[in-house]
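Visitor: Give the three-dimensional model of this entry:
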Amino acid sequence: MLIEEYFEFLADDDIRVKGTRVGIESILYEYIYRQRSPEEIIKHFYTLTLDQIYATILYYLNNKAVLDKYIENWLEWSHQQRKAQELNPHPASIRLQKIKEERNKKNGAQVSHG
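Guide: Got it, this is the predicted structure:
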């Protein structure tokens with residue numbers, strides 16, 4: 001079996017573990033940045049098998065230069081998305097934040113100091 005058979009190459013910036021919705025960037029982030037072992041990673045991705053985790057890491061190690069760029073692009077995209085969400089929050093998020101603030105004010109006023 002070729003290592004590539006573990007993956008679905010949907011686009012240059014979208015490689016998924018075959019048969020799942022899990023992008024390889026999610027697994028590789030845990031491996032590279034959080035320095036988690038495959039056995040630790042699988043605890044966070046219950047739909048995957050240990051073979052799929054190992055295959056993803058092996059694919060990364062065999063294609064390090066290309067996948068380092070892939071991860072870099074994904075991290076930049078993620079950062080831009082978070083920034084856009086902060087600048088333009090969803091109306092439901094705004095409403096929930098207001099409810100939280102009101103609840104905190106109310107709970108703060110009810111604290112007895114006697």
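
Visitor: tell me the SS of the residue positioned nearest the centre of the chain?
Guide: Nearest to the geometric centre of the chain sits residue 26, at 4.9 Å (C-alpha atoms, centre = their mean). Using DSSP: H, G, I helix; E, B strand; the rest coil, the structure places residue 26 in helix.

Visitor: Next, the contact list for residue 6, please.
Guide: Listed by C-beta atoms under 8 Å, 6 or more residues apart in numbering, the contact partners of residue 6 are 17-18, 51-52, 55-56, 59. (Glycine included, C-beta is placed from N, CA and C.)

Visitor: circling back to that earlier point, would you enumerate the residues in contact with the residue nearest to the centre of the chain?
Guide: Contacts of residue 26 by C-beta under 8 Å, 6+ apart are residue 45.

Visitor: Could you check how far it is from residue 2?
Guide: Per C-beta to C-beta, to the nearest Å, residue 26 is found 22 Å from residue 2.

Visitor: What is the longest helix belonging to the chain packed up against?
Guide: In terms of residue count, the longest helix belonging to the chain (DSSP state H) is helix 64-87. Applying 3 or more C-beta pairs under 8 Å, 6 or more residues apart in numbering; DSSP states H and E, one finds that helix 64-87 contacts helix 24-32.

Visitor: ok, then the element right after the helix it packs on?
Guide: Sequence-wise, the next helix or strand downstream of helix 24-32 (DSSP states H and E) is helix 38-41.
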